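Enquirer: dropping the sequence and predicted coords here.
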Amino acid sequence: MSATFDLALDLIARPSVTPDDAGCQDVLIARLEALGFRAERLRFGAVDNFWARWGDAEPLFAFAGHTDVVPSGPPEQWRSPPFAPTVRDGLLHGRGAADMKGSLAAMVTACERFLAACPRPRGSIALLITSDEEGAATDGTVKVVEQLEARGEKMRWCLVGEPSCVRRLGDTIKNGRRGSLNGRLLLRGVQGHVAYPHLAQNPIPAIGALLGALTDEVWDRGHDFFPPTSFQISHLHAGTGADNVIPGQLEMLFNFRFSPAVTVEQLQARTRLLIDTALLNEEVKTGQVFQYDLEWRLSGPPFFTAPGDLVEAALAAIRAETGLEAELSTGGGTSDGRFIAPTGAQVIEFGPLNATIHKIDECVSIGDLERLSRIYQGILARLLG
């Protein structure tokens, strides 16, 4: 139906579940090298990445994306096999169709048409592609960016092809993301028999007041384009599974999605203060003293790209292709943009509808694939043409 559609078919047919690339990057590199891109394969651990660049001049515009996909889930629940791309009612179905093999195909065909129309652009074009975005994200984009920084290769603009739109292609651009901070609390008591509670220390009642304090806390009021920081408990476990044993410890996992209005250090300090206060009150109330361990893992800091030449180019290209005025948003989860923004690059995310990503029967509109490619071409033309 189009060059973008054909390339998307080829990519979706490859079962590239994280971190297996399943040959997707070979397909992309072959297309890019035919255009004159210099492709550099960068493998870290079990993760395949590549950096492909056309031209040496500044400024540098980069597309960023990932060939890996999440597992399909039970294949029998799909109307068609997840890695056998299938067209139904104008939609292309298959794992990765929206997240984000459709975007990858659109990036490549946009480059092909742009360079055919503008063989001497005012700068360079690059693609940074990983197979580790849906997984641990430790040997992918972050490692490639470290390599680029070490040799002084700087992106001025970066477009991440994550599915950003909500109802129609072109309705949403992500120009930032909240940070993600994970915590693990291990509250230690004393295991014992339920018939002899005076010989044990049950951590479950002790956590009650703390849960309320953590969930009721107002961490900040938001920041410019960002909503207030949110706190969520994602896991709570205690006990051995036996009904006659008082548990000796309780584990709680939790997450902050935070704005630039608060720092990681402030969140950690306030969390510890709430824990200490709740346990001190428990000691005063019951005489029981509980010890705890608190561990932290930062998935990524928040980032934000203020309206400027990249945002304006994207807004104009979307308007020209769809007639829509895109909304700027910082909602949703994290993306690999969190590794690129600290280099000083302007970073946005723009791709197809996100309604079916990670779901059974994931799909993308066939018409949107070609429109997305033309929008990407329009952004290139406005910045480098």
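Expert: All right, it came through fine.
Enquirer: which stretches of the stretch 251-385 of the chain have low pLDDT?
Expert: With pLDDT under 70 as the threshold, the stretch 251-385 of the chain has no low-confidence stretch at all.
Enquirer: mind listing the strands for it?
Expert: For the stretch 251-385 of the chain, the strands defined by DSSP state E, counting those that start in this stretch cover 291-300, 303-304, 327-329, 346-349, 363-365.
Enquirer: out of those strands, nearest to Ala317?
Expert: Ala317 lies closest to strand 346-349 among these, at 11.4 Å (Cβ to Cβ). C-beta here means a position set from N, CA and C on the backbone, and glycine is covered the same way.
Enquirer: the closest one packs against which elements?
Expert: When contacts are defined as 3 or more Cβ pairs under 8 Å, 6 or more residues apart in numbering; DSSP states H and E, strand 346-349 sits against strand 157-160, strand 172-174, helix 309-322, helix 337-340.
Enquirer: show me how far stretch 255-274 is from its chain's centre.
Expert: The chain centre lies 20 Å from the centre of stretch 255-274; the measure is Cα atoms, centre = their mean, to the nearest Å.
Enquirer: domains for the protein, by residue range?
Expert: As recorded under automatic domain parsing, the domains making up the chain are 3-177+302-384, 179-300.
Enquirer: just the helices and strands packed on strand 346-349: most buried one?
Expert: Ranked by mean neighbour count, the helices and strands packed on strand 346-349 are led by strand 157-160 with a mean of 27 (mean count of other Cβ atoms under 10 Å).
Enquirer: restrict that strand to CA atoms and write it as PDB.
Expert: Extracted in PDB, the C-alpha atoms of strand 157-160 (Å, rounded to 0.1, in the frame of the first residue of the first chain):
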ATOM      1  CA  TRP A 157      17.100  18.000  18.200                       C
ATOM      2  CA  CYS A 158      15.800  14.500  18.900                       C
ATOM      3  CA  LEU A 159      12.400  13.000  18.100                       C
ATOM      4  CA  VAL A 160      11.500   9.800  19.900                       C
END
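Enquirer: okay, now the sheet partners of that strand, with direction.
Expert: According to DSSP bridges, strand 157-160 has the following sheet partners: strand 60-66 (parallel), strand 346-349 (parallel).
Enquirer: for that strand, give the mean pLDDT please.
Expert: Across strand 157-160, the average pLDDT comes to 98.
Enquirer: for Pro197, what are its contacts?
Expert: Contact analysis of Pro197 by Cβ atoms under 8 Å, 6 or more residues apart in numbering lists Ile246.
Enquirer: mind checking how far it is from Val190?
Expert: Between Pro197 and Val190 the computed distance is 10 Å (Cβ to Cβ, to the nearest Å).
Enquirer: so what sits against both of these two?
Expert: Ile246.
Enquirer: in the protein, which spans are helices?
Expert: 3-12, 24-33, 102-117, 141-150, 203-216, 264-286, 309-322, 337-340, 366-384 (DSSP state H).
Enquirer: of all the residues in the fifth one, which ones are buried?
Expert: It refers to helix 203-216. Neighbour counts over helix 203-216 (16 or more other Cβ atoms under 10 Å) mark 203, 206-207, 209-210, 213-214 as buried.
Enquirer: got the helices and strands packed on strand 346-349 as JSON lines, with distance to Phe290 columns?
Expert: What follows is the helices and strands packed on strand 346-349, written out as JSON lines (distance: least, Cβ to Cβ, whole Å):
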{"stretch": "strand 157-160", "distance to Phe290": "44"}
{"stretch": "strand 172-174", "distance to Phe290": "42"}
{"stretch": "helix 309-322", "distance to Phe290": "50"}
{"stretch": "helix 337-340", "distance to Phe290": "35"}
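Enquirer: among these, which is nearest Ile360?
Expert: Closest among those, using Cβ to Cβ: strand 172-174, at 23.6 Å.
Enquirer: what about the closest one, average pLDDT?
Expert: On average, strand 172-174 scores 97.
Enquirer: from Glu325, how far off is Pro227?
Expert: According to Cβ to Cβ, Pro227 stands 21 Å off from Glu325.
Enquirer: list the contacts of Gly96.
Expert: Contacts of Gly96 (Cβ under 8 Å, 6+ apart): 11-12, 16, 69, 102, 362.
Enquirer: can you tell me which of those lies closest to His93?
Expert: The nearest one, if we look at those relative to His93 and count by Cβ to Cβ, is Glu362, at 6.9 Å.
Enquirer: can you get me a residue count around the residue nearest to that closest one when sequence neighbours are not counted?
Expert: Counting by Cβ to Cβ, 6 or more residues apart in numbering, Glu362 lies nearest to Thr356, which is 4.6 Å off, once chain neighbours are set aside. Applying other Cβ atoms under 10 Å, we find 18 residues neighbouring Thr356.
Enquirer: show me what contacts Thr356?
Expert: 97-98, 362-363.
Enquirer: mark which of the residues you listed are buried, thanks.
Expert: Of these, these count as buried by 16+ other Cβ under 10 Å: 97-98, 362-363.
Enquirer: could those residues go into a markdown table alongside distance to Ile275?
Expert: Putting these into a markdown table (distance: Cβ to Cβ, whole Å) gives the following:
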| residue | distance to Ile275 |
| --- | --- |
| Ala97 | 44 |
| Ala98 | 40 |
| Glu362 | 40 |
| Cys363 | 45 |
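Enquirer: which of those residues sit farthest apart?
Expert: Ala98 and Cys363, at 6.8 Å, using Cβ to Cβ across the buried ones among the contacts of Thr356.
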